[in-house]
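Prediction below, plus the sequence it came from.
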Number of protein chains: 2
Amino acid sequence: MLVGDRIRLSDVARAAGVSLATASKALNGSGRMTAETRERVRQAAEAMGFRPNAMARALSSQRSFTVGLLTNDGYGRFSMPVMAGVAEALVDQGVSVFMCGIEDDAALGRLHVEAMLDKQVDGIICSGKRIDRRLPVDLSDLPVPVVYVFTDAPEGAVSLVSDDAQGAREAAEWLAGLGRRRLAHVTGPASFASARERARVFREVTGPDSTVLHGAWSEAWGHEAVARLWDGSAPPPDGLFCGNDQIARGAVDALRERGVAVPGDVSVVGFDNWEIVAAATRPPLTSIDMNLKDLGREAGRLMLALSEGRAVEPGVRRQPCRLVVRQSCGGGSAR
Amino acid sequence: MLVGDRIRLSDVARAAGVSLATASKALNGSGRMTAETRERVRQAAEAMGFRPNAMARALSSQRSFTVGLLTNDGYGRFSMPVMAGVAEALVDQGVSVFMCGIEDDAALGRLHVEAMLDKQVDGIICSGKRIDRRLPVDLSDLPVPVVYVFTDAPEGAVSLVSDDAQGAREAAEWLAGLGRRRLAHVTGPASFASARERARVFREVTGPDSTVLHGAWSEAWGHEAVARLWDGSAPPPDGLFCGNDQIARGAVDALRERGVAVPGDVSVVGFDNWEIVAAATRPPLTSIDMNLKDLGREAGRLMLALSEGRAVEPGVRRQPCRLVVRQSCGGGSAR
DNA sequence: CCTGCATGAGAAATCGCTTTCCCAAGGGGC
DNA sequence: GCCCCTTGGGAAAGCGATTTCTCATGCAGG
């Protein structure tokens, strides 16, 4: 793929018959020279397959064209799509991503952050698995910009989260639009801000005393919630909005077991659009996708802006979610 | 966390009353000087919170203390644990990891590899999601060492995979040890080398004409396989070894639906030990764990050796799998 | 008492590129 | 026709380490 020694800028300069300085400026679009000169250098570089040594460039320009991505999501459920998005936004700017999983280990976090700083990263993107908790590292007072994604961020920071309210509204209105009138929301612990926020909006759409059940983020809880809702003490729901796909799957399984048809008798919407769960459910789940890759992509863009010294409005940015229709709701494929 | 300008080596040297050269050697353990001098420099560095500039160090020493991790596993199912292992093995050597997901896009692969090379990585770890397929990039003739993990590798390369044969034997013998005598193996497509190898060993343990069913790697296939095995034409198995946890889950669900008790009537072992699937199954799955993090850790060690110029025996290294006992088999928690 | 060699430490070159002056030449204004 | 300003391009000083020599110094050997 690459043979022999790497071509240096000085080689290109010599070939193009210009000085080192001119060659550098030509390729970077800086400095002043005739278009003809610039082009000649470009051609030479191109022809020789010149690739600048990023280390040298970083050392003198004080920009390393690398960013660090810190995450405590060891599983990758959230951080993999975010990383993919970040990388996508940055790769053609020549920026690479150091990825560091730190779980919830503060010492490990510090270690990695220091390693990043030593490597002169142009910025750090900090991502989590929950928007109301922070990673066990203090990223304030760092000599580089920081962008927070899908995690809680300090006051005045640049941060990016998915729009729980809009996602929940999307789900509830979809169920309502299908003609479902007795809706219930089965979600995770009320200790999660996301769970509370989605529940709030769910009530906003369906009425202040519609049913909201908090529990674990598990299939088991989905099961149990169905058992409660169908205990005969009240007319059961005809639409279920679940806080994540695992709960939804548990619920759908429980409904099947008790002979309730999905989507015939009940429509179910999940949250997360976790392919592996949503697609394996019978029937496959209609679900809210948080567009994590988009979140990552936007984070990448913001990081880029910041590292180029462009000003970025601080504060929390909420990115919209998107309803992905499968078969657990019936109804058209409209939207 | 860090305040003001970074301390440079020259600052340390001045503070310790030695030259730049001596300071460098003192901190790197190279050169010759009295223990007292060395220690004095160390103390000064420590006291001033000196952190060497990795770029500068890389530029002159020709080692960047970074490695690239290439993967086509966009989901992170395999690459996240591998990355965690790699990072764990390298972090206290001060080595950071560039992570690049390239899916199956050859152009993207080339782009990322070139970016890595520009950044002077000390080596590249190439990881996949299937041991009999390669990534769409040519990593031969690179100016840096390459280690392959969980992917097919060219002749003569250094490569690391999990030991399918040992894992399969572990599973089959566990079932046999539980007194199960009519064993069946339900697994993925025979086009997968892993599926074939595990099936081979399964037969080696259970007899040449024991049942092996190939299908998709899905829950749906687990269902269907159970339907076939329990169609009444033959005495059904009392032990099921499934090719992955999804198949196992499908099978367990199907068994429950037809009133067959797990683990009462049938013991089921899965493969992958994918927590999210294995733990949510009712009952939770006993499964074979491929120890991917260990695989990554070992890959990190090999990479380190290679990048330090130490010789590494080429060839395929197989790392053992491990049986994780949950409740789908009954029997003791022995082992 | 002089030569020789091991030893501790420093001067300076280098790594490959960026960037800041600085200078020569050409052109326009008065 | 003189002067000043614009313009294209180059020389050289870093960036912050590593590393190769080189050089005093002190001690042992003859």
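Ah, there it is.

Show the model's pLDDT score for the residue in the stretch 201-335 of chain A that DNA strand D sits nearest to.
Here the residue of the stretch 201-335 of chain A nearest DNA strand D is A:Ser307; by C-beta to the nearest atom of the strand that distance is 17.3 Å. For the C-beta atoms, the positions are set from N, CA and C on the backbone; glycine is no exception. If you check A:Ser307, the pLDDT there is 92.

And the helix or strand hosting A:Arg57, what does it pack against?
Assigned by DSSP states H and E, A:Arg57 belongs to helix A:54-61. On a contact count with 3 or more C-beta pairs under 8 Å, 6 or more residues apart in numbering or on different chains; DSSP states H and E, helix A:54-61 meets helix B:54-61.

can you list contacts of the helix it packs on?
A:53, A:55-56, A:58-59, A:64, A:118-120, B:63-65, B:94, B:120 (C-beta atoms under 8 Å, 6 or more residues apart in numbering or on different chains).

Rebuild those as TSV, extending it with pLDDT.
As requested, the contacts of helix B:54-61 are exported to TSV (pLDDT from 0 to 100):
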residue	pLDDT
A:Asn53	95
A:Met55	95
A:Ala56	95
A:Ala58	94
A:Leu59	94
A:Ser64	95
A:Asp118	95
A:Lys119	96
A:Gln120	95
B:Arg63	92
B:Ser64	95
B:Phe65	95
B:Gly94	93
B:Gln120	95
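
could I get those residues as TSV with distance to B:Asp253 and neighbour count?
Below are the contacts of helix B:54-61 laid out as TSV (distance: C-beta to C-beta, whole Å; neighbours: other C-beta atoms under 10 Å in any protein chain shown):
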residue	distance to B:Asp253	neighbour count
A:Asn53	56	18
A:Met55	54	23
A:Ala56	59	16
A:Ala58	54	24
A:Leu59	59	19
A:Ser64	51	25
A:Asp118	51	18
A:Lys119	48	23
A:Gln120	52	22
B:Arg63	53	15
B:Ser64	50	25
B:Phe65	49	20
B:Gly94	48	16
B:Gln120	51	22
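
and the angle from the helix or strand following the helix holding A:Arg57 to helix A:54-61?
Following helix A:54-61 in sequence order, the next helix or strand is strand A:66-71 (DSSP H and E). Between strand A:66-71 and helix A:54-61, the angle comes out at 100 degrees (axes from the mean of the first three to the mean of the last three C-alpha atoms, to 10 degrees).

State the next helix or strand along the chain beyond strand A:66-71.
Past strand A:66-71, the next helix or strand by DSSP H and E is helix A:79-91.

ok, which residues in the stretch 51-200 of chain A are in contact with DNA strand D?
Contacts of the stretch 51-200 of chain A with DNA strand D, taken as C-beta under 7 Å from any atom of the strand, map to A:Ala56, A:Leu59, A:Ser60.

all helices of chain A, in order?
Listed in chain order, the helices of chain A (DSSP state H) span A:9-16, A:20-28, A:35-48, A:54-61, A:79-91, A:106-118, A:164-177, A:193-206, A:219-229, A:245-257, A:275-278, A:292-307.

which regions of the stretch 101-250 of chain A sit below the pLDDT cut-off?
Within the stretch 101-250 of chain A, no stretch has pLDDT under 70.

Can you dump the C-alpha atoms of stretch A:164-174 in PDB for me?
Extracted C-alpha coordinates of stretch A:164-174, given in PDB (Å, rounded to 0.1, in the frame of the first residue of the first chain):
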ATOM      1  CA  ASP A 164     -37.400  13.200  24.900                       C
ATOM      2  CA  ALA A 165     -40.500  15.500  24.900                       C
ATOM      3  CA  GLN A 166     -40.800  15.500  21.100                       C
ATOM      4  CA  GLY A 167     -40.200  11.700  21.000                       C
ATOM      5  CA  ALA A 168     -42.800  11.000  23.500                       C
ATOM      6  CA  ARG A 169     -45.300  13.300  21.800                       C
ATOM      7  CA  GLU A 170     -44.500  11.600  18.500                       C
ATOM      8  CA  ALA A 171     -45.400   8.200  20.100                       C
ATOM      9  CA  ALA A 172     -48.500   9.300  21.900                       C
ATOM     10  CA  GLU A 173     -49.900  11.100  18.900                       C
ATOM     11  CA  TRP A 174     -49.200   8.200  16.700                       C
END
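
Near DNA strand C, which residues of the stretch 1-150 of chain A are found?
A:6, A:8-10, A:20-21, A:24-25, A:27-28, A:30-31, A:50, A:52-53, A:56-57, A:59-61.

returning to what we had before: put together CSV for the residues of the stretch 51-200 of chain A next to DNA strand D, with distance to A:Pro235 on each row.
Shown next, in CSV, are these (distance: C-beta to C-beta, whole Å):
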residue, distance to A:Pro235
A:Ala56, 73
A:Leu59, 71
A:Ser60, 73
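
Show me which residues of stretch A:93-107 are buried.
Under the neighbour-count criterion of 16 or more other C-beta atoms under 10 Å in any protein chain shown, stretch A:93-107 has A:Gly94, A:Val95, A:Ser96, A:Val97, A:Phe98, A:Met99, A:Cys100, A:Gly101, A:Ile102 buried.

Quick one: residues contacting the third one.
With contacts taken as C-beta under 8 Å, 6+ apart, A:Ser96 has the following neighbours: A:Phe65, A:Thr66, A:Val67, A:Leu90, B:Phe98, B:Cys100, B:His112, B:Ala115, B:Met116, B:Lys119.

Go ahead and confirm the second one touches A:Gln93.
The one in question is A:Thr66. No: taking contacts as C-beta atoms under 8 Å, A:Thr66 lies outside contact range of A:Gln93: 11.2 Å.

Would you quantify the distance from the residue of the stretch 201-335 of chain A closest to DNA strand D to A:Ala106?
26 Å (C-beta to C-beta, to the nearest Å).

same check, this time on A:Val277
A:Val277 is 31 Å from A:Ala106, by C-beta to C-beta.

tally of neighbours for A:Ile247?
As a burial measure, A:Ile247 scores 33 neighbours (other C-beta atoms under 10 Å in any protein chain shown).

quick one, what contacts it?
A:Val186, A:Thr187, A:Gly188, A:Gly215, A:Trp217, A:Ser218, A:Glu219, A:Trp221, A:Gly222, A:Ala225, A:Gly270.

and if you look at A:Arg40?
A:Ala16, A:Gly17, A:Val18, A:Ala26.

so what's the third one up against?
Remark: with contacts taken as C-beta under 8 Å, 6+ apart, A:Val18 is in contact with A:Ala26, A:Thr37, A:Arg40, A:Val41.

which one of those has the most neighbours?
Going by other C-beta under 10 Å, A:Val41 tops those with 25 neighbours.
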